[in-house]
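Enquirer: dropping the sequence and predicted coords here.
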Amino acid sequence: MARTAYKTWIDENPLRKWRLENDLSIMAVASMLGAGMSTVQTWENGAHWPKPESFEKIGGLIGDPNIEESWQAWLDSRPSWNSTKQ
């Protein structure tokens, strides 16, 4: 149960959602953004917040002019520990 809620949340990350909808690998997206694969992974799992210049690139890539607000809304929807416990 805990894994499912967290996985569902991860899949709603704006960049990850766009990447999966477009059948792209993390490596391909990292290349498009001029970032490392591990950097993109940490963005997608919510471990790190992209820098302003990265947000600009992400927003341009996925077509979201309000990417920082979209990202914050996604972060705010993170499941709490209590809601993910079995």
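Expert: Perfect, I can see it now.
Enquirer: let me know the average pLDDT across stretch 69-86.
Expert: For stretch 69-86, mean pLDDT rounds to 81.
Enquirer: for V29, which residues are in contact?
Expert: 15, 19, 40, 61 (CB atoms under 8 Å, 6 or more residues apart in numbering). Bear in mind the C-beta positions are built from the backbone N, C-alpha and C, glycine included.
Enquirer: against A5, how distant is it?
Expert: 25 Å (CB to CB, to the nearest Å).
Enquirer: where do the helices sit along the protein?
Expert: 2-11, 14-21, 26-33, 37-44, 52-62, 67-76, 81-84 (DSSP state H).
Enquirer: worst average pLDDT in these?
Expert: Note on the helices of the chain: lowest mean pLDDT is at helix 81-84, with a mean of 56.
Enquirer: what about the closest residue to P50 other than its chain neighbours, neighbour count?
Expert: Closest residue to P50 apart from its sequence neighbours, by CB to CB, 6 or more residues apart in numbering: W43 at 5.4 Å. Residues near W43, counting by other CB atoms under 10 Å, number 25.
Enquirer: ok, P79 next?
Expert: Neighbourhood size, P79 [other CB under 10 Å]: 14.
Enquirer: now do the same contact list for it.
Expert: Counted by CB under 8 Å, 6+ apart, P79 has contacts 5-6, 9.
Enquirer: which entries within these meet the buried criterion?
Expert: With burial judged by 16 or more other CB atoms under 10 Å, the buried subset of these is 6, 9.
Enquirer: list just the nearest of the contacts of P79 to L75.
Expert: Checking the contacts of P79 against L75 with CB to CB, the nearest one is W9 at 9.5 Å.
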